[in-house]
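[1] what shape does this take:
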Amino acid sequence: MKKTTSVILCAVLMFLLAACNGGSFKRTKSGLMYKIISDEKNPVVKKGQIMKLEFTQKIRDSILPGSSESGPAYVMIDSAGPADYNPTEVFGLLRKGDSVVIVLEADTLIKRNPGGLPPFIKAKDKIYFMMRATNVFNTEEEANKDRDVAMQEFMKKQLVLSEEQKKKDIATLQSYAKSKNATVQSAPKGTLVEVVSAGDGPAVDSGMFVTVAYHGTNMEGVVFDSSKDPKFASPPYTFQIGSSPPGAIEGWDDGLRLFKKGGKGRLLVPSSLGYGKQGSPPRIKPNENLIFDVEVLDVSATRPAPPEPQPGPPPGQR
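    Here you go, the predicted structure:
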């Protein structure tokens, strides 16, 4: 369903973009371009109602995160609408079942808010928002009830998609290991582990604090973080196994359990046990599998006093 919704929204977006070249878009008072497709069977939304929106976004050839990644949006309608070059200007014109494309022009945004745009948006760019009003509610109670159901369905879909991605990732990593003539075993959650030396000290287990020297690359061998490479100035990393919130990516928590203090090896981490579909820009792409050469320097029941404070977030985010 997630993929179907995205395909439909993108197809309608492409259709409307073609129409844009024919000059069929209108403009709001602030100059915002928009195009509505409507059968006009339902009444226009009223002030105080709450509209449920499925949406996607596009800039150049890139589809940006939308409701397929975050779930539908629920917006309160203000019939006046802010005349400030904002998509909410158009919301009060919609009906249940309508689709709309809204176009934000980067040059206008730059004039209104110099220096306020993310670096990937350039002058002359156009940001396209494709939205579909799937429902309209009269009260917050009705909207909240629908939101709860929608979020439960969304989470179920995300779990299914995550498992599908994990299976794909594991197959890719198994092929990678075979190409490297590496003998790997699977940790409980799916991390592939090449044990060079298991170690002979205390075992890595839930509740234990583990200190790890590491060297992280993608499958092409590009280094994104390392405590062994002086160019990164990253110290060995200490975290507690099984802690909540987790102290490291799930692939570390999973794979390091196959070692004891002194152990050395390699973790082949599926993207779903790493940084997932969001990645860790700019070094780690969305849905990117990761390779870590690791050495377990210490395993302790209590957090060791580090020689100096650990700067920054967990490995891969520095």
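
[2] let me see the ranges of the strands in this structure.
    Applying DSSP state E to the chain gives strands spanning 26-27, 33-37, 50-59, 62-64, 73-76, 99-105, 126-137, 185-186, 192-197, 209-218, 223-226, 237-240, 264-269, 290-300.

[3] and the fifth one, what's buried?
    I take that to be strand 73-76. For strand 73-76, the buried set under the neighbour-count rule, 16 or more other CB atoms under 10 Å, comprises Y74, V75. Bear in mind the C-beta positions are built from the backbone N, C-alpha and C, glycine included.

[4] got the CA positions of that strand in PDB?
    Coordinates of each C-alpha in strand 73-76 appear next as PDB, following Å, rounded to 0.1, in the frame of the first residue of the first chain:
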ATOM      1  CA  ALA A  73      -0.500  14.800   8.000                       C
ATOM      2  CA  TYR A  74      -3.500  16.200   9.800                       C
ATOM      3  CA  VAL A  75      -4.000  20.000   9.500                       C
ATOM      4  CA  MET A  76      -6.400  22.400  11.000                       C
END
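
[5] strand partners of it, parallel vs antiparallel please.
    strand 50-59 (antiparallel) (DSSP bridges).

[6] so how far is the longest helix anywhere in the chain off the chain centroid?
    For the chain, the longest helix by residue count, based on DSSP state H, is helix 140-179. With CA atoms, centre = their mean, to the nearest Å as the basis, helix 140-179 stands 12 Å off its chain's centre.

[7] would you reformat the strands of the chain as TSV and include distance to G251?
    Shown next, in TSV, are the strands of the chain (distance: least, CB to CB, whole Å):
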stretch	distance to G251
strand 26-27	49
strand 33-37	44
strand 50-59	30
strand 62-64	26
strand 73-76	32
strand 99-105	38
strand 126-137	34
strand 185-186	12
strand 192-197	9
strand 209-218	11
strand 223-226	14
strand 237-240	13
strand 264-269	3
strand 290-300	7
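
[8] most neighbours per residue, which of those?
    strand 264-269 (a mean of 24; mean count of other CB atoms under 10 Å).

[9] quick one: contacts of that one?
    For strand 264-269, contacts defined as CB atoms under 8 Å, 6 or more residues apart in numbering pick out 173, 176-177, 182, 184, 191-197, 199, 249, 251-252, 255-256, 258-259, 289-296.

[10] now the longest helix of the chain: buried residues?
    For helix 140-179, burial by neighbour count (16+ other CB under 10 Å) applies to 143, 146-147, 150, 154, 158, 162, 165-166, 169-170, 173, 176-177.

[11] adding pLDDT and distance to V222, write these out as JSON lines.
    Formatted as JSON lines, the buried residues of helix 140-179 follow (pLDDT from 0 to 100; distance: CB to CB, whole Å):
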{"residue": "A143", "pLDDT": "96", "distance to V222": "46"}
{"residue": "D146", "pLDDT": "97", "distance to V222": "44"}
{"residue": "R147", "pLDDT": "96", "distance to V222": "41"}
{"residue": "A150", "pLDDT": "94", "distance to V222": "39"}
{"residue": "F154", "pLDDT": "91", "distance to V222": "33"}
{"residue": "Q158", "pLDDT": "87", "distance to V222": "28"}
{"residue": "S162", "pLDDT": "88", "distance to V222": "25"}
{"residue": "Q165", "pLDDT": "94", "distance to V222": "21"}
{"residue": "K166", "pLDDT": "94", "distance to V222": "22"}
{"residue": "D169", "pLDDT": "97", "distance to V222": "18"}
{"residue": "I170", "pLDDT": "97", "distance to V222": "21"}
{"residue": "L173", "pLDDT": "98", "distance to V222": "16"}
{"residue": "Y176", "pLDDT": "97", "distance to V222": "14"}
{"residue": "A177", "pLDDT": "97", "distance to V222": "18"}
